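fold the following, please.
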Amino acid sequence: MKSWRDDPRAETSPLFNDNRLKLGVFSHNGTGSIQTTAPDGWMPDWKASLDVSQIADIAGLEAVVPYARWRGPIADKGNHRSSYVFDTYTWAAGMAQGTKQTGVFCTSHVPTIHPVLAAKQCATIDHISGGRFGLNVVAGWNKLELEMFGAPMKGHDDRYRQAGEWIDLLRRLWTEEEAFDFEGDFYTVTKAISLPKPVQQPFPPIMNAGGSGAGQHFAAKYADMAFIMLRGDDPAGWRAQVDSYRALARDEYGRDIQIWSFASVVHRNTMAEAQALLDYYSREHLDAESLDAMMAMQGLHTQSVPPGQFEAVRQTFAWGGGFPLVGTSEHIVDRLESVSAAGVDGMLLTWFDYVGGARSTSSLRRQSLVKTAGISKANWAIIRSGA
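Coordinates of the predicted model:
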């Protein structure tokens with residue numbers, strides 16, 4: 001079984017470099033995942049979004065990853081702030097032109113984009129970036145959004161069957177030199193061809209965050225980077241999650257994949273200051289209506305969450321849903337070192353205020369950040385800056 005560490009795409013894509021723990025920025029193309037009404041919350045214009053990507057690029061981070069969203073979760077409030085999100089394909093093209101070394105992703109919901117269109121758009125962005133493009137594939141779960149496209153949401157497993165057919169078509173379009181016909185359960189194409197081919201061969205890397213049984217099998221079969229939600233606070237438990245996913249990919253599909261997660265970062269000079277900021281935006285200014293609508297869409301309610309855990313789960317979603325990195329630089333580095341030691345290959349990071357965080361200063365000496373074995377000094381620059 002070939003290791004991803006020997007992937008020839010490493011020539012152009014930082015996603016396959018030797019850094020033991022890769023870092024990226026997530027969701028700065030929109031208002032992000034934090035459910036807040038704080039007046040100083042993140043509300044990106046184009047320049048601010050580009051600024052964050054360029055900070056990540058200069059710092060040597062491996063990825064900038066947008067999320068796809070057409071409307072917020074409240075059915076009768078389509079103009080809610082959570083609907084403010086840049087399209088991910090054109091966003092990725094702009095970020096590819098504005099950066100030099102970071103991997104640039106777009107996020108594509110399968111039912112909303114035809115694979116023939118996706119193939120050409122992705123190849124174009126791969127050329128703009130010089131071979132740094134990656135594709136985050138989402139099977140499609142948001143009923144409100146899919147109805148905007150006249151695409152009724154399919155049953156859970158059928159969504160992943162469609163996504164598999166979508167990627168099969170995409171990869172054929174990226175690799176086959178002659179036009180071909182295709183007739184499947186979800187797509188029919190005649191004399192399909194796509195030129196130019198991507199820079200990365202055989203094709204750009206795929207990212208997926210399927211969490212269910214069907215979703216994990218999909219990611220194990222198709223993705224280069226699979227996401228997990230780190231449960232609890234026990235490194236041994238994290239290791240078990242990572243090892244289980246790797247075993248599924250290896251034993252069922254003969255593949256070696258990267259395992260990533262994502263984190264909500266609240267960084268200040270003291271733990272008390274960090275906790276105060278977290279309380280400010282996730283408690284004092286909690287957008288309870290949006291939060292409860294989002295949890296309902298994802299099926300997280302008192303009947304599905306174990307007894308006594310609902311409020312904790314709700315509060316986690318309020319601050320962004322990610323693994324908590326709350327505290328001083330030293331504390332955050334220690335937490336990331338533990339995650340890396342558990343076998344996690346990459347972490348996407350989110351903040352309350354991306355530009356403000358990236359531009360803030362830190363008194364931590366550079367030398368103290370090198371203790372995380374296998375992680376380059378450059379890869380910690382965004383943590384050093386207080387992001």
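
can you give me the strands for the stretch 201-350 of the chain?
206-208, 225-227, 258-267, 323-327, 346-350 (DSSP state E, counting those that start in this stretch).

out of those, flag the one nearest Ile58.
Ile58 sits nearest to strand 346-350 of all those, at 15.4 Å, using C-beta to C-beta. Backbone N, C-alpha and C define where each C-beta goes, glycine included.

can you name every helix or strand that the strand or helix carrying Arg159 contacts?
Arg159 is part of helix 156-175 when elements are defined by DSSP states H and E. Helix 156-175 sits against helix 115-129, strand 133-138, strand 180-183, strand 188-192, helix 213-222, with contacts defined as 3 or more C-beta pairs under 8 Å, 6 or more residues apart in numbering; DSSP states H and E.

from these, which stretch is densest packed?
Comparing these by mean neighbour count (mean count of other C-beta atoms under 10 Å), strand 133-138 ranks first with a mean of 26.

neighbouring contacts of the following helix or strand past it?
Once the chain leaves strand 133-138, the next helix or strand it forms, by DSSP H and E, is helix 143-148. Helix 143-148 is contacted by residues Arg69, Trp70, Arg71, Pro73, Ala75, His109, Pro111, Thr112, Gly140, Pro152, Met153, Met297 when judged by C-beta atoms under 8 Å, 6 or more residues apart in numbering.

for the helix holding Arg159, what does the pLDDT average out to?
Across helix 156-175, the average pLDDT comes to 95.

residues in contact with it?
110-111, 115-116, 118-120, 122-123, 137, 139-141, 153-154, 180, 182, 184-187, 189, 192-194, 197-198, 202-204, 206, 210, 212, 214-215, 217-218, 221-222.

now the residue nearest to Gly232 when sequence neighbours are not counted: how far from Asp7?
Once flanking residues are discounted, Gly232 sits nearest to Trp238: 8.0 Å by C-beta to C-beta, 6 or more residues apart in numbering. Trp238 is 24 Å from Asp7, where distance means C-beta to C-beta, to the nearest Å.

same deal with His114?
Counting by C-beta to C-beta, the gap from His114 to Asp7 is 28 Å.

where does the stretch 251-387 of the chain dip in pLDDT?
297-312, 356-387 (pLDDT under 70).

ok, 50 please
301-305, 360-387 (pLDDT under 50).

just the helices in it please.
Ranges of helices in the stretch 251-387 of the chain, per DSSP state H, counting those that start in this stretch, are 271-279, 288-297, 310-318, 329-341, 354-359, 381-384.

comparing these, which comes out most buried?
Of these, the one with the most neighbours on average (mean count of other C-beta under 10 Å) is helix 381-384, at a mean of 21.

before we move on, the earlier item: who has more neighbours, His114 and Asp7?
When His114 and Asp7 are compared for neighbours, Asp7 comes out ahead with 18 against 13, by other C-beta atoms under 10 Å.

the more buried one contacts Asn17, doesn't it?
No - the criterion here is C-beta atoms under 8 Å, and Asp7 misses it with Asn17 at 10.0 Å.

dump the residue contacts of Glu11.
Gly131.

now it, what are its backbone angles?
Torsion angles at Glu11 (phi, psi; degrees, to the nearest 10) stand at phi -60, psi -30.

I figured Tyr281 hits Gly41, correct?
Yes - Tyr281 lies in contact with Gly41 (C-beta under 8 Å); the separation is 6.5 Å.

helices or strands up against the helix or strand hosting Ser49?
In this assignment (DSSP H and E), Ser49 forms part of helix 46-59. With contacts defined as 3+ C-beta pairs under 8 Å, 6+ apart, the packing partners of helix 46-59 are strand 22-26, strand 63-65, helix 88-98, helix 354-359, helix 381-384.

if we go to 10 Å?
When contacts are defined as 3 or more C-beta pairs under 10 Å, 6 or more residues apart in numbering; DSSP states H and E, helix 46-59 sits against strand 22-26, strand 63-65, helix 88-98, strand 103-109, helix 354-359, helix 381-384.

can you put those in a markdown table and add distance to Ala276?
Shown next, in a markdown table, are the helices and strands packed on helix 46-59 (distance: least, C-beta to C-beta, whole Å):
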| stretch | distance to Ala276 |
| --- | --- |
| strand 22-26 | 24 |
| strand 63-65 | 29 |
| helix 88-98 | 33 |
| strand 103-109 | 32 |
| helix 354-359 | 15 |
| helix 381-384 | 20 |
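
quick revisit: could you dump the helices of the stretch 251-387 of the chain to CSV with distance to Ser264?
Shown next, in CSV, are the helices of the stretch 251-387 of the chain (distance: least, C-beta to C-beta, whole Å):
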stretch, distance to Ser264
helix 271-279, 9
helix 288-297, 14
helix 310-318, 9
helix 329-341, 11
helix 354-359, 11
helix 381-384, 14
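
closest one to Asp87 among the ones you listed?
Taking the helices of the stretch 251-387 of the chain one by one with C-beta to C-beta, helix 354-359 is closest: 18.6 Å.
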